[in-house]
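Student: I'll drop the sequence and a predicted model, then ask my questions.
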Amino acid sequence: MTFSDLPAGLANALAERGYEAPTPVQAAVLDPDLRERDLIVSAQTGSGKTVAFGLAFSAQILGSDGQVQSTGKPGALVIAPTRELALQVSRELTWLYQNSKARVVSCVGGMNPSQERRELKSGATIVVGTPGRLRDHLERGTLDLSELAAVVLDEADEMLDMGFREELEEILDAAPETRRTLLFSATMPRPMEALARRYQRDALRIATGGGERGHNDIAYQAVTVAPSEIENAVINLLRFHEADTAILFCATRENVRHLHATLQERGFSAVALSGEHSQSERNQALQALRDRRASVCVATDVAARGLDLPNLSLVIHVEIPRDAETLQHRSGRTGRAGKKGTAVIVVPFPRRRRVESMLRNARINAEWIDAPDREAILAMDRERLLKTLLMPVEVDETDRKLAERLLNERTPQELAAMLIQAHRAKMPEPEELLINSPEAQAAARKERQRPGFDDVVWFRMDIGRQQKADPRWLLPLLCRRGHISRNQIGAIRIGPRVTHFQIPRAAADKFADALGRTAGDENGGDVHIELSPDAPQDSTRPSRNNGPSAGRKKGASYAKKPHKDRPANSPERNGVPGKKPKPRKPKKRPV
Ligand code: AMP
């Protein structure tokens with residue numbers, strides 16, 4: 001069977017879409033011997049199953065001329081578990097039937113019910129909806145199933161799992177017995193078997209595309225991280241892959257909200273999808289992804305079920321899925337319709353065993369790797385930058401004149417450097433990750449405990465990576481401001497906007513005094529430095545007692561014993577050495 005054997009309206013729609021040949025599941029359901037049969041189909045996610053059932057019931061709703069001979073009452077009904085999935089199915093069937101005079105109407109929880117009523121009233125050929133809303137319409141008499149010739153239950157196992165058995169039974173009981181029933185389901189648990197026995201006649205089972213387990217187009221990676229480093233690892237994964245569209249899965253709405261905010265703050269164009277968003281917010285988020293205004297979607301499992309986003313090539317399991325089934329559903333958002341995709345599971349060290357066993361159960365071979373570090377990302381950036389900048393360009397007359405003017409004013413080297421900087425400025429900064437195994441972290445911790453640094457106080461300063469903070473110029477600045485030597489500065493942690501560093505407790509008083517006195521001086525006096533009230537985000541802190549907040553109360557000295565000679569206006573009396581200068585913007589670097 002090829003698409004050209006189909007009625008002209010359908011064949012044309014598929015051709016306009018650029019679909020040349022049926023996928024395996026489409027070829028299977030289009031077998032001419034199965035035109036009237038009830039089917040139970042398990043096809044891998046992304047296999048083209050929506051078009052498959054859309055074509056399958058064409059035999060029931062199109063006349064011999066390939067067009068709908070409508071009475072205005074629905075001929076086909078598709079029931080899907082979630083609003084997003086139902087709307088997606090509805091969109092897919094709309095283009096598929098655009099040349100066949102079919103009207104597709106969706107009835108979906110969270111959308112305007114009176115508009116749906118009006119649309120149903122003015123005639124629908126195919127109705128697509130979620131179980132609860134369809135039942136409402138049925139009970140109110142606005143959905144008339146008396147002429148239904150085919151019904152499809154999409155992700156039937158999921159609908160039963162979600163507790164929609166009653167709704168499904170009520171809807172199926174209201175349809176004529178002569179109708180065709182098609183069940184699409186990844187698994188065949190007992191309640192599904194019962195449903196099939198009761199509502200189908202002599203159903204044929206079809207499994208295609210490597211069966212329910214196959215995700216042949218998805219490469220799996222498991223990335224181990226320190227538990228405190230999950231967000232940084234996610235940022236680096238996004239930066240490393242630079243997917244057109246990526247989806248990130250979290251376990252709860254709260255975690256979605258938090259990660260979404262973090263990513264936005266770091267400069268990613270991200271949207272969020274979870275149960276706390278209204279239907280219209282969710283639709284807007286999906287639209288932003290479809291028309292590339294956003295490239296990252298942070299979602300909960302329920303919100304992202306069954307989503308088909310074009311160009312989605314990266315799935316990140318930010319929090320480990322609760323079981324192998326969820327792992328596959330989430331991962332199946334990529335690797336669709338023959339395209340390649342990557343699914344990355346972020347694994348905090350203590351959960352490694354659990355993930356290994358989940359992967360074994362799902363018969364998935366994952367590559368265990370470290371999260372990409374800053375250097376790897378910058379190297380990748382350089383490659384991509386060269387590729388982009390060396391692409392052929394078409395130059396029109398206006399641009400050519402502009403280019404000539406620039407070349408008169410600047411050297412080609414300067415212009416090339418500016419071009420590179422402009423491109424780079426669009427990319428969020430990669431994160432500095434901790435060394436990536438418990439043993440390596442312990443070793444690093446030991447190494448950092450230089451003599452004299454087993455009892456330290458943390459300070460912080462209000463410049464970070466965004467201000468291009470770098471130990472090469474921070475060290476001389478701190479020495480100048482705090483009247484200490486380089487050897488008296490311990491670990492330095494550079495964050496996006498703040499840098500933490502250690503000073504031996506014995507030198508901390510002297511350091512703070514000097515800070516107060518040098519505040520406002522030239523050469524770094526405008527950098528605000530103070531005792532840090534909280535630890536830098538770093539689980540490899542030398543010891544709990546050495547942390548920035550360890551044992552230091554406002555007004556107390558950093559030394560073990562109170563310092564008798566401390567003047568009353570000593571800067572660190574309130575933990576703020578010197579007056580706080582205006583927020584600084586990076587200026588001339590002192591190197
Ligand atoms: P689904 O499994 O229904 O979620 O479909 C996954 C994606 O495959 C959708 O974007 C479909 O439009 C696309 N698709 C369906 N059938 C074909 C086909 N025969 N050739 C290429 N792409 C297809």
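Tutor: Done, it's in. Numbering: from 1, shown residues only.
Student: CA atoms for contacts and neighbours, from now on please.
Tutor: Fine.
Student: Check the spacing between Ile492 and the ligand real quick.
Tutor: Per CA to the nearest ligand atom, to the nearest Å, Ile492 is found 49 Å from the ligand.
Student: tell me the contacts of that residue?
Tutor: 471, 499-502 (CA atoms under 8 Å, 6 or more residues apart in numbering).
Student: so where is the stretch 451-591 of the chain shaky, pLDDT-wise?
Tutor: For the stretch 451-591 of the chain, applying pLDDT under 70 flags the ranges 522-524, 533-591.
Student: all strands of it, in order?
Tutor: With strands called from DSSP state E, counting those that start in this stretch, the stretch 451-591 of the chain shows them at 456-461, 492-494, 499-504, 529-531.
Student: Would you pull up how far the first one lies from the middle of the chain?
Tutor: Distance of strand 456-461 from the chain centroid (CA atoms, centre = their mean, to the nearest Å) equals 35 Å.
Student: What number of residues are in the vicinity of Ala379?
Tutor: Ala379 is flanked by 12 other residues according to other CA atoms under 10 Å.
Student: same thing with Leu143?
Tutor: By the criterion of other CA under 10 Å, Leu143 has 21 neighbours.
Student: element containing the nearest residue to it once chain neighbours are set aside?
Tutor: Leaving aside its chain neighbours, Leu143 sits nearest to His137 (5.2 Å; criterion: CA to CA, 6 or more residues apart in numbering). Secondary-structure assignment from DSSP states H and E places His137 in helix 131-140.
Student: and that helix, which residues are buried?
Tutor: 131-138 (16 or more other CA atoms under 10 Å).
Student: Tell me which residue of the stretch 401-550 of the chain lies closest to the ligand.
Tutor: Met427 (28.9 Å; CA to the nearest ligand atom).
Student: ugh, typo on my part, it should be the stretch 101-250 of the chain
Tutor: Asp154 (9.9 Å).
Student: what sits against that residue?
Tutor: Residues in contact with Asp154 (CA under 8 Å, 6+ apart) are 78-81, 183-185.
Student: picking up where we left off before, buried subset of the contacts of Ile492?
Tutor: Counted by 16+ other CA under 10 Å, these give 499-502 as buried.
Student: would you list the residues you listed in TSV and tack on distance to Leu148?
Tutor: Converted to TSV, the buried ones among the contacts of Ile492 look like this (distance: CA to CA, whole Å):
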residue	distance to Leu148
Thr499	67
His500	68
Phe501	72
Gln502	74
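Student: Could you check how far Ala506 is from Ala512?
Tutor: As judged by CA to CA, to the nearest Å, Ala506 and Ala512 stand 11 Å apart.
Student: Out of the helices and strands in this structure, which is least certain?
Tutor: Lowest by mean pLDDT, DSSP states H and E among the helices and strands of the chain is helix 438-448, with a mean of 60.
Student: looking at the sheet around Leu314, what are its partners?
Tutor: In this entry, Leu314 is beta-bridged to Ala246, Thr342, by DSSP bridges.
Student: okay, now it: neighbour count?
Tutor: 28.
Student: For it, which residues are in contact?
Tutor: Counting by CA under 8 Å, 6+ apart, Leu314 has contacts 241, 243, 245-247, 334, 341-344.
Student: Most neighbours among the residues you listed, which one?
Tutor: Busiest of the contacts of Leu314 [other CA under 10 Å] is Thr334, holding 32 neighbours.
Student: hmm, back to that, want to try JSON lines for the contacts of Ile492, with distance to the ligand as columns?
Tutor: JSON lines is the format used below for those (distance: CA to the nearest ligand atom, whole Å):
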{"residue": "Pro471", "distance to the ligand": "49"}
{"residue": "Thr499", "distance to the ligand": "46"}
{"residue": "His500", "distance to the ligand": "48"}
{"residue": "Phe501", "distance to the ligand": "51"}
{"residue": "Gln502", "distance to the ligand": "54"}
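Student: Let me have those in TSV, extended by distance to Ile316.
Tutor: Below are the contacts of Ile492 laid out as TSV (distance: CA to CA, whole Å):
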residue	distance to Ile316
Pro471	33
Thr499	29
His500	30
Phe501	33
Gln502	35
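Student: What about Asp31, how many residues nearby?
Tutor: 11.
Student: Look up how far Val302 lies from it.
Tutor: The value you get for Asp31 to Val302, if CA to CA is used, is 34 Å.
Student: same deal with Glu20?
Tutor: According to CA to CA, Glu20 and Val302 sit 33 Å apart.
Student: State whether Ile40 is indeed within a strand.
Tutor: Yes - counting by DSSP: H, G, I helix; E, B strand; the rest coil, one finds Ile40 located in a strand.
Student: can I assume it is in contact with Ala186?
Tutor: No - contact between Ile40 and Ala186 fails when scored by CA atoms under 8 Å: they sit 9.9 Å apart.
Student: Which two among the buried ones among the contacts of Ile492 are spaced furthest apart?
Tutor: Thr499 and Gln502 (10.4 Å; CA to CA).
Student: shaky segments in the stretch 151-300 of the chain?
Tutor: 209-216.
Student: What ranges does it have for its helices?
Tutor: Taking DSSP state H, counting those that start in this stretch to define them, one finds helices in the stretch 151-300 of the chain at 156-161, 165-173, 190-199, 230-241, 253-265, 279-290.
Student: Near the ligand, which residues of this protein? Just list them.
Tutor: Within the chain, the positions lying close to the ligand (CA under 6 Å from any ligand atom) are 19, 21-23, 45-51, 308, 336-337.
Student: Drop anything exposed from those residues.
Tutor: Neighbour-count burial (16+ other CA under 10 Å) applied to the residues of the chain next to the ligand gives 22-23, 45-51, 308, 336.
Student: how about those residues in CSV, adding distance to Met192?
Tutor: Listed next are these as CSV, based on distance: CA to CA, whole Å:
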residue, distance to Met192
Pro22, 27
Thr23, 25
Thr45, 18
Gly46, 22
Ser47, 21
Gly48, 22
Lys49, 19
Thr50, 20
Val51, 23
Asp308, 24
Arg336, 26
